[in-house]
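J.: sequence first, predicted coordinates after that:
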Amino acid sequence: MIRLVFAVALGASASSAFAQSPTQRGDYLVNSILNCGGCHTPRGPAGAEKPFAGGNLFETPAFKVYTSNLTPDKETGLGNWTADQIKNAVMKGVRPDGTVLAVMPSNYYTVLTQRDADAIVAYLRSLKPIKNSVPTPEYKVALKVDAPPPAPGKLRRKARRGHYLATIGHCMECHSPREKGVSLVATEMGVGKHEFKGPWGVSTARNITSDKEKGLGNWTDAEIKRAITQGTSKNGDKLKPPMGFAAYAKMTDQDMGDMIAYLRTVPAKQ
């Protein structure tokens, strides 16, 4: 039912996007709003030579995992996976052997329309095969895929399209706080506070609700777009990674406008 609603919401604006080939559509999604390369392209100089070949480490008290090789290499990547197996990994967070994928925000990808899911598969299969063996994941506790974020109330068509984009872009995955590793998206969606540690130091996800004091309520559309695509805050401060500014800059003006329209509907919370 949820996927049907999204399909209807996208219908009027998607005609030009769907005039593209599936591979072109997948290229756009994977390299812009989904920002798959943000996790699946090796960090540092190796990334230029091994795009989408995986190998980035994510470690918590519950697991130690490396991102998967998304290229169609038959030994170390997705070359021997069926289309359904790829879609199950993306949208259900489960590998062909039944292993649950840690870190993968599959609870957000569940809303992908069939057309977009097929387009993602088509694009991944068009990539250059790269041999890059990724270490076996280590799980200290049994994992399960998180529940999806709460559905919004009634939205205008523009904001409905934006909700789809913000969902597959898993914006609220990063911009909602966590407690003992569990996302509080159901009760504190968009209030930020989630900390990310990396070469940049520590960055804290900001509040992207419509709150006028702590959130985006007093930001103009242009200021929101600049923050998303250029990493510059309303007051001119530079925002830290891991936000995928360069990827989001590839979004069309219409998609960006729709997503901002949705963000303005997110209930204000501090």
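T.: Cool, the structure landed.

J.: state the mean pLDDT of the one helix or strand Arg125 maps to.
T.: Per DSSP states H and E: Arg125 is located in helix 114-126. For helix 114-126, the mean per-residue pLDDT is 98.

J.: what does that helix contact?
T.: If you take Cβ atoms under 8 Å, 6 or more residues apart in numbering as the criterion, helix 114-126 is touched by 3, 7, 18, 21-23, 25-27, 29-30, 34, 52, 70-72, 78, 83, 86-87, 90-91, 112, 168. C-beta: built from backbone N, CA, C; applies to glycine.

J.: likewise stretch 261-270?
T.: 152, 155-156, 158-163, 165-166, 171, 188-191, 207-217, 224.

J.: where's it relative to the chain centroid, distance-wise?
T.: 19 Å (Cα atoms, centre = their mean, to the nearest Å).

J.: how close does Gln85 sit to Leu78?
T.: 8 Å (Cβ to Cβ, to the nearest Å).

J.: just the buried residues of the contacts of stretch 261-270.
T.: Burial by neighbour count, judged by 16 or more other Cβ atoms under 10 Å, picks out 152, 155, 158-163, 165-166, 171, 188-191, 207-211, 215-216, 224 from the contacts of stretch 261-270.

J.: where do the strands of the stretch 151-270 of the chain begin and end?
T.: Per DSSP state E, counting those that start in this stretch, the stretch 151-270 of the chain carries strands over the ranges 178-179, 182-183, 195-198, 201-204.

J.: can you tell which of those is closest to Val145?
T.: Nearest to Val145 among the strands of the stretch 151-270 of the chain is strand 182-183; the distance by Cβ to Cβ comes to 11.5 Å.

J.: and Val202, bridged to which residues?
T.: Beta bridges link Val202 to Lys197, judged by DSSP bridges.

J.: now for the closest residue to Val182 other than its chain neighbours, how many residues are close by?
T.: The shortest distance from Val182 to any residue other than its chain neighbours is 7.6 Å, reached at Asp146 (Cβ to Cβ, 6 or more residues apart in numbering). With neighbours defined by other Cβ atoms under 10 Å, the count for Asp146 comes to 16.

J.: next up, the contacts around Asp146.
T.: Under the criterion of Cβ under 8 Å, 6+ apart, the contact list for Asp146 reads Asn107, Val182, Ser183.

J.: ok, of those residues, which one's closest to Thr136?
T.: Using Cβ to Cβ, Asn107 is the member of the contacts of Asp146 that lies nearest Thr136, at 23.9 Å.

J.: distance check, that closest one against Ala186.
T.: Counting by Cβ to Cβ, the gap from Asn107 to Ala186 is 11 Å.

J.: one more: Lys240?
T.: The value you get for Lys240 to Ala186, if Cβ to Cβ is used, is 27 Å.

J.: kindly report the same for Met91.
T.: Met91 is 20 Å from Ala186, where distance means Cβ to Cβ.

J.: still on that earlier bit, looking at Gln85 and Leu78, which is more packed in?
T.: A count of neighbours by other Cβ under 10 Å puts Leu78 above the other of Gln85 and Leu78, at 24 against 16.

J.: perfect, that will be all.
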